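K.L.:
coordinates only, no sequence provided:
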């Protein structure tokens, strides 16, 4: 067993490059281990509070009940290390990495991180309360039941991580990304920030309540039958997500993106969708009654049996959409564009059509009673001829 003075002397003048298979326990507070290399050393129950660990390497070391309070970790590496109940409150971490390690219930409360990385590392039940972390990355790591509350994360990157049952209450995120991660039963209540990316993640039971994040980006996520009305999301982007039968009633969804999303049967009643992007979205049987959707984009969208009763949709784009049996009654479609739309058996009764573009629509069985269709723009023969010529040229026929 090595005492503090012996270890300090070895660090300064030791003849061997690596300290191997030793037991280091007891009080080592304030020690400077800079430049030290340790292999299979047992630091269990050691007190390394206020220590300096600069350019250190730890390989297959053990840290059960080790204390690192207010310690500085700078350009250090931990490879295949393990430890339960590590106490590291108030410590600082810079360019330090953990690889293939197990750190169950590590306490990182009030720590500061810059360019820390965790690769294939177990961090189950870890405590990240009030952490400030910048450019931290976690790859193939496990943060199940992690407590990441009242913390601040900038440029956090999580790839292939298990974040199930993690708690993020009242934390702040800025430009953070989760890629192919599992967040089942994760709690994002009162999370705030800007640009949180959730790409191909498992989110079915993730909790979103008062989550005031601007431009959150969801890609290829299953978000069916979710109630987003209390989520607090600002300008959310749902790319290629399944949102079927979800509730967006009365939400401000201005500039929201749902391009190519599956949103069958969603309820948007009373929502604001100005400049929203719903290009190529599947919106059949969705409800948009009483919505404000000026300049919204529904190009090539599936709008079969979709309800747009009393909507405000000036300059909205519906080109090439399939609006078979859709209802647009008593709506304002001034300057809206339905060029090449399929409007079979649609209902436009009592609708405002001032300068609405109806170029080359297909409307057998459509109801127009009470609508001022005479104020709309009908098929432009010159444009129609040019489109046919362009199509023949591209197909060679």
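P.N.:
Yes, it's here. These figures come from a predicted structure and were not determined experimentally.

K.L.:
going by C-alpha atoms from here, please, whenever you check contacts or count neighbours.
P.N.:
Fine.

K.L.:
where in the stretch 151-300 of the chain is pLDDT low?
P.N.:
Filtered on pLDDT under 70, the stretch 151-300 of the chain yields no residues whatsoever.

K.L.:
where exactly do the strands run in it?
P.N.:
152-154, 157-159, 172-179, 192-199, 212-214, 217-219, 237-239 (DSSP state E, counting those that start in this stretch).

K.L.:
describe which strands the first one pairs with in its sheet and in which direction.
P.N.:
Next to strand 152-154 in the sheet, as set by DSSP bridges, lie strand 132-134 (parallel), strand 172-179 (parallel).

K.L.:
reformat the ones you listed as JSON lines; add distance to residue 88 and mean neighbour count.
P.N.:
Shown next, in JSON lines, are these (distance: least, C-alpha to C-alpha, whole Å; neighbours: other C-alpha atoms under 10 Å):
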{"stretch": "strand 132-134", "distance to residue 88": "14", "mean neighbour count": "21"}
{"stretch": "strand 172-179", "distance to residue 88": "22", "mean neighbour count": "20"}
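
K.L.:
got the end-to-end distance for stretch 175-188?
P.N.:
16 Å (C-alpha to C-alpha, to the nearest Å).

K.L.:
ah, wrong one, I meant stretch 158-175
P.N.:
This stretch, stretch 158-175, spans 12 Å end to end (C-alpha to C-alpha).

K.L.:
which of the residues in that stretch are buried?
P.N.:
Buried residues in stretch 158-175, counted by 16 or more other C-alpha atoms under 10 Å: 158-175.

K.L.:
show me the contacts for residue 38.
P.N.:
The neighbourhood of residue 38, defined by C-alpha atoms under 8 Å, 6 or more residues apart in numbering, consists of 18-20, 57-59, 61.

K.L.:
between these, which has the most around it?
P.N.:
Neighbour counts for the contacts of residue 38 (other C-alpha atoms under 10 Å) peak at residue 61, which has 25 neighbours.

K.L.:
how much space separates that residue from residue 290?
P.N.:
64 Å.

K.L.:
how about the helices in this protein?
P.N.:
4-13, 381-395 (DSSP state H).

K.L.:
which of those sits most buried?
P.N.:
Among the helices of the chain, helix 4-13 has the highest mean neighbour count (mean count of other C-alpha atoms under 10 Å), at a mean of 14.

K.L.:
local confidence estimate at residue 395?
P.N.:
Looking at residue 395, its pLDDT is 69.

K.L.:
same question for residue 374.
P.N.:
96.

K.L.:
cool, the one 3 residues further on as well?
P.N.:
Per-residue confidence (pLDDT) for residue 377: 96.

K.L.:
for it, which non-adjacent residue is closest in space?
P.N.:
Spatially, and ignoring its direct neighbours in sequence, residue 377 is nearest to residue 357 (4.8 Å; C-alpha to C-alpha, 6 or more residues apart in numbering).

K.L.:
do residue 331 as well
P.N.:
Residue 331 sits nearest to residue 310 (C-alpha to C-alpha, 6+ apart), 4.2 Å away.

K.L.:
so that neighbour touches residue 330, yeah?
P.N.:
Yes: between residue 310 and residue 330 there is a contact under C-alpha atoms under 8 Å: 4.9 Å.

K.L.:
ok, residue 372 - contacts?
P.N.:
Per C-alpha under 8 Å, 6+ apart, neighbours of residue 372: 350-354.

K.L.:
how near is it to residue 353?
P.N.:
Relative to residue 353, and taking C-alpha to C-alpha, residue 372 is found at 6 Å.

K.L.:
for residue 54, same thing?
P.N.:
71 Å.

K.L.:
what about these two, which has more around it?
P.N.:
residue 353 (23 against 20).

K.L.:
thought residue 89 was touching residue 106?
P.N.:
No: between residue 89 and residue 106 there is no contact under C-alpha under 8 Å: 9.4 Å.

K.L.:
got a pLDDT number for residue 11?
P.N.:
81.

K.L.:
contacting residues for the residue lying closest to it once chain neighbours are set aside?
P.N.:
What sits nearest to residue 11 in space, not counting adjacent residues and going by C-alpha to C-alpha, 6+ apart, is residue 36, at 6.0 Å. Neighbour list for residue 36: 11, 17-19, 55-57 [criterion: C-alpha under 8 Å, 6+ apart].
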